[in-house]
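K.L.:
below is the sequence, then the predicted model.
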Amino acid sequence: MMILEGDPIEAAEALIAEGKAREAADALRARLAAGRGGLLARLTLIKALLAAGDTSGALAEAREAVALNPDAAVAVLALGEVLLAVDALPSAIAEFQRALRLDSNLVGARERIATAWLKAGEADMALENLKDLENPPADMIAAAQAIKAAQRCDPGYVRHLFDQFSADYDRSMIGQLAYAAPQILFDLAAMVMPGGLGASAKPIASAYGRATIKKGLAILDLGCGTGLAGAVFKPLAARLDGVDLSPAMIEKARARGIYENLQVADLETALSAPGAHYDLILAADTLVYLGDLKMVFQGAHARLEPDGYFIFTVEKAEGEGFELGPKRRWRHSEAYLRALAGQAGFHVAGLLAAAPRHEAKRPVEGFAVALLR
Ligand SMILES: C[S@@+](CC[C@H](N)C(=O)[O-])C[C@H]1O[C@@H](n2cnc3c(N)ncnc32)[C@H](O)[C@@H]1O
């Protein structure tokens, strides 16, 4: 065990700076266990554990620091830091606010609140907190403005939204929101995908009767969520992969045991990377989190086999382009979808009016679209 020579806090800080955070943490733990060290030693221990990537250890120590020093704003700030590091954003913000109530001049607390809001993709809330700082960091202001200007939902916003929603997702989608996108897409696939695609073609029951679609397909599920659409398409799949921004949704999908490969990633990034090719790419109620679909169409085209299909739902906009709706979901017009499909090299194999879900007990107008490469 390393001994911290001289000033133990300075020695531990030096170890952390040298990349020896684990040694610093062990030495500080030993001192605290021997009753030699107070709040400052524990705060440095939390920093060392975070630097060593031991977030659960850091969380336990931060909770201990607050339990031992409930009125110390710096201890509460440290707890907020750890919660921020593990993306527990509402709890982190609550702790930073508590720290500010304990000490309204606490250095760094308001900036950390703004950081948490930025991570959650909430640009206005971040700017609201930054405006009270004497010297607001220019990079944070620029990041907030970039979120506001982007023609898509911020990845942090989507991740946070669905991490929160994941536990209750299936029940509320199927129950309250009458979610129908997976079956709508399946029925569209049954209509447009040729029946005579080889000996593996088998009849599949659908709302349009018994359609015949080729089985044994390589399928990619974009924004796979908990796997509601994947489960509907699984009978057609030789290989089913999924990508989603939300780790909590991906865990639910993994628990279904129907996907070969699941990836936590932004679908625009995942599609533009080199990788497997697919016969069918799905996006059930996913593209509503993107406004400009150019990258998605290009990426899907690049990752499809010749004669592969890209099948997805969107919500409907009037006119020529796309727009952001009041619930922070994007809507796309038929004219926009058709023009972009042509530019990306797709043939529009099917474009139907559809209601993928309900909102306030009323059907939301949308389209189910099948593009053929
Ligand atoms: C409404 S859910 C639909 C989930 C699933 N397709 C289904 O049918 O139940 C939308 C999903 O898309 C994911 N998502 C949204 N934008 C995304 C993006 N840019 N990259 C990856 N996943 C995204 C969300 O995290 C969420 O799980």
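P.N.:
Perfect, I can see it now.
K.L.:
how about low-confidence regions in the stretch 1-150 of the chain?
P.N.:
For the stretch 1-150 of the chain, residues meeting the criterion pLDDT under 70 lie at 1.
K.L.:
run the last query once more with 90
P.N.:
1-8, 34-37, 107, 132 (pLDDT under 90).
K.L.:
which residues in it form helices?
P.N.:
8-17, 21-33, 39-51, 55-68, 73-85, 89-102, 109-119, 123-130, 138-149 (DSSP state H, counting those that start in this stretch).
K.L.:
closest to the ligand out of those?
P.N.:
helix 138-149 (13.6 Å; Cβ to the nearest ligand atom). To be clear about C-beta, it is placed using only N, CA and C from the backbone, and glycine gets the same treatment.
K.L.:
coming back round to it: got TSV for the helices of the stretch 1-150 of the chain, with mean neighbour count and distance to Arg171 too?
P.N.:
Below are the helices of the stretch 1-150 of the chain laid out as TSV (neighbours: other Cβ atoms under 10 Å; distance: least, Cβ to Cβ, whole Å):
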stretch	mean neighbour count	distance to Arg171
helix 8-17	17	45
helix 21-33	20	41
helix 39-51	22	36
helix 55-68	18	29
helix 73-85	23	27
helix 89-102	20	21
helix 109-119	23	27
helix 123-130	19	29
helix 138-149	14	30
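K.L.:
I'd like those helices as JSON lines, with distance to Gln176 appended.
P.N.:
Shown next, in JSON lines, are those (distance: least, Cβ to Cβ, whole Å):
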{"stretch": "helix 8-17", "distance to Gln176": "49"}
{"stretch": "helix 21-33", "distance to Gln176": "46"}
{"stretch": "helix 39-51", "distance to Gln176": "39"}
{"stretch": "helix 55-68", "distance to Gln176": "34"}
{"stretch": "helix 73-85", "distance to Gln176": "30"}
{"stretch": "helix 89-102", "distance to Gln176": "22"}
{"stretch": "helix 109-119", "distance to Gln176": "28"}
{"stretch": "helix 123-130", "distance to Gln176": "27"}
{"stretch": "helix 138-149", "distance to Gln176": "29"}
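K.L.:
who wins for proximity to Leu245 among the ones you listed?
P.N.:
Closest to Leu245 of these, according to Cβ to Cβ: helix 109-119, at 12.8 Å.
K.L.:
what's the closest one packed up against?
P.N.:
helix 73-85, helix 89-102, helix 123-130, helix 138-149, helix 155-165 (3 or more Cβ pairs under 8 Å, 6 or more residues apart in numbering; DSSP states H and E).
K.L.:
can you redo those helices as CSV with distance to the ligand?
P.N.:
Formatted as CSV, the helices and strands packed on helix 109-119 follow (distance: least, Cβ to the nearest ligand atom, whole Å):
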stretch, distance to the ligand
helix 73-85, 20
helix 89-102, 15
helix 123-130, 17
helix 138-149, 14
helix 155-165, 4
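K.L.:
partner residues bridging Ala237?
P.N.:
Leu217 (DSSP bridges).
K.L.:
ignoring the adjacent residues along the chain, who's closest to Gln263?
P.N.:
Leaving out its chain neighbours, the residue that sits closest to Gln263 by Cβ to Cβ, 6 or more residues apart in numbering is Val243, at 4.6 Å.
K.L.:
which SS state does that neighbour fall under?
P.N.:
Under DSSP: H, G, I helix; E, B strand; the rest coil, Val243 falls in the strand class.
K.L.:
and for the one 10 residues further on?
P.N.:
Per three-state DSSP, the local secondary structure of Ala253 is helix.
K.L.:
can you check the pLDDT for it?
P.N.:
The per-residue pLDDT reported for Ala253 equals 98.
K.L.:
residues from the stretch 101-250 of the chain in reach of the ligand?
P.N.:
By the rule Cβ under 6 Å from any ligand atom, the part of the stretch 101-250 of the chain lying against the ligand is 158, 162, 181-182, 223-225, 228-229, 243-246, 249.
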